[in-house]
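K.L.:
kindly generate the corresponding structure for this input.
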Amino acid sequence: MPRLAKNRSIIFKGMKVMRGMLGIGVVLMFLASCNFGKPETKVEPDIFTDTVLYEMKTIRERAKDCSTGPDSTCTMAEISYPVFKGQDALNDTLKNRLLNLGANGDEKPDSSFQTMISTFFKSYEEYKKDDERKNIAFDLQEYAQVVNQDSCLIAIRYGTYSFSGGAHGSGFDAFINWNPKTKKVVYLNDILLPNSEKELNIIGERIFRKDEKLADNASLEQDYFFKDNKFALNENYLFTPTGIRFLYNEYEIKPYVAGQTELNIPWAQLRTLIKPHSVVAQYIEKNAGI
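P.N.:
All right, here's what the predicted structure looks like:
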């Protein structure tokens, strides 16, 4: 084929391809015009996402007399907790709470985690001198974890488990509700309308009796340790996206064998008790239809 004719053929094919592409473009423009004038879909920000960076720190030590055997046969101490970026007040609050877990009664808490661990191992060495059980192993665990966080709240559960030679070990769990903007702990009084505590307690007792399968007029004297045998919410609570979680630790309202007791009050039952512009108002909105 002559070179000129060959070039014309290539140009002709190229023009056909361009026409085809133009045709596709017109169709796409037409389809797009079908949605013209419709309101834009608004994407709501997800409030249930991490808003403050943190990293987990772990301090772990074994007693000097530990062999190379498993940890279960060795006296150990382990402390695991998050350290938050740009939240010095929260880090200090969490550290102090964890240190206070190891203090008994009016005893002054240790000044540092390392001091706490040293005190623990010292008590173990002293105990071994008089105890006949040669293979006894003490255990100390302290921990803190982020349960959830969003733009208004960081919810932390922290606690301890220890065994120091008694009949059994013991545990304790507590919570921190933290406002990352004001950099302060959030308490019930911060979110409740004035004079709402009584109504909150009534709602809590109703749920408690349902959970425990108790009649409305059933006595709490025999199986529970409530003061004056009257139900009462405690001051150990966590604000969650679905409601307020109250936690009673072992021995608090039941015998040791019963363990911990949790009581969850949904936001749907608290709408009339919550301040409109409190940090949990977003949860009330989120659960309005439930």
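
K.L.:
past the helix or strand harbouring residue 201, which element shows up next along the chain?
P.N.:
Using DSSP states H and E, residue 201 maps to helix 197-211. Using DSSP H and E, the helix or strand that follows helix 197-211 in sequence is strand 237-239.

K.L.:
contacts for that following strand, please.
P.N.:
With contact meaning Cβ atoms under 8 Å, 6 or more residues apart in numbering, strand 237-239 is reached by 147, 153, 155, 157, 175, 177, 186, 188, 191, 244-247, 279-280, 283. Heads up, the C-betas are built off the backbone N, CA and C, glycines and all.

K.L.:
and the helices in the stretch 51-200 of the chain?
P.N.:
With DSSP state H, counting those that start in this stretch, the ranges of helices along the stretch 51-200 of the chain come out as 88-101, 113-130, 188-191, 197-211.

K.L.:
rewinding a little: and the buried ones among the contacts of strand 237-239, selectable in PyMOL?
P.N.:
Buried members of those can be picked out in PyMOL with the line below, counting by 16 or more other Cβ atoms under 10 Å:
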select buried, resi 147+153+155+157+175+177+186+188+191+244+245+246+247+279+280+283
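
K.L.:
which members of the contacts of strand 237-239 are the farthest-apart pair?
P.N.:
247 and 279 (20.1 Å; Cβ to Cβ).

K.L.:
who's in contact with residue 102?
P.N.:
109, 110, 116, 119, 120, 140, 142, 160.

K.L.:
if we go to 6 Å?
P.N.:
When contacts are counted by Cβ atoms under 6 Å, 6 or more residues apart in numbering, residue 102 touches residue 116.

K.L.:
roughly how far apart are it and residue 171?
P.N.:
13 Å (Cβ to Cβ, to the nearest Å).

K.L.:
can you check residue 222 too?
P.N.:
For residue 222 relative to residue 171 (Cβ to Cβ), the value is 25 Å.

K.L.:
which residue ranges form the strands in the chain?
P.N.:
54-62, 76-84, 139-149, 154-163, 170-179, 184-185, 237-239, 243-248, 261-266 (DSSP state E).

K.L.:
using CSV, write out every CA atom in the last one.
P.N.:
Spelled out, that is strand 261-266. Provided in CSV are the C-alpha atoms of strand 261-266 (Å, rounded to 0.1, in the frame of the first residue of the first chain):
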residue,chain,number,x,y,z
THR,A,261,-22.0,-7.6,89.0
GLU,A,262,-22.6,-5.3,86.0
LEU,A,263,-25.6,-3.1,85.5
ASN,A,264,-26.3,-1.4,82.2
ILE,A,265,-28.7,1.5,81.9
PRO,A,266,-29.6,2.3,78.3
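
K.L.:
any buried residues in it, and which?
P.N.:
So strand 261-266, judged by 16+ other Cβ under 10 Å, has buried residues 261, 263, 265, 266.

K.L.:
just checking, what packs against the helix holding residue 201?
P.N.:
strand 261-266 (3 or more Cβ pairs under 6 Å, 6 or more residues apart in numbering; DSSP states H and E).

K.L.:
output the contacting helices and strands for the strand it packs on.
P.N.:
Using 3+ Cβ pairs under 6 Å, 6+ apart, strand 261-266 is in contact with helix 197-211, strand 243-248.

K.L.:
now do the helix holding residue 201, average pLDDT.
P.N.:
Mean pLDDT, computed over helix 197-211, is 98.

K.L.:
use 6 as the first number from now on
P.N.:
Okay, using 6 as the starting number, the last item reads as helix 202-216.

K.L.:
flag the shaky bits of the stretch 106-255 of the chain, pLDDT-wise.
P.N.:
110, 139 (pLDDT under 70).

K.L.:
phi and psi next, for the nearest residue to residue 235 once chain neighbours are set aside.
P.N.:
Spatial nearest neighbour of residue 235, excluding adjacent residues (Cβ to Cβ, 6 or more residues apart in numbering): residue 225 at 7.2 Å. Note on residue 225: backbone dihedrals following degrees, to the nearest 10 are phi -100, psi 10.

K.L.:
one step back: and the helix holding residue 206, how far out from the chain's middle?
P.N.:
23 Å (Cα atoms, centre = their mean, to the nearest Å).
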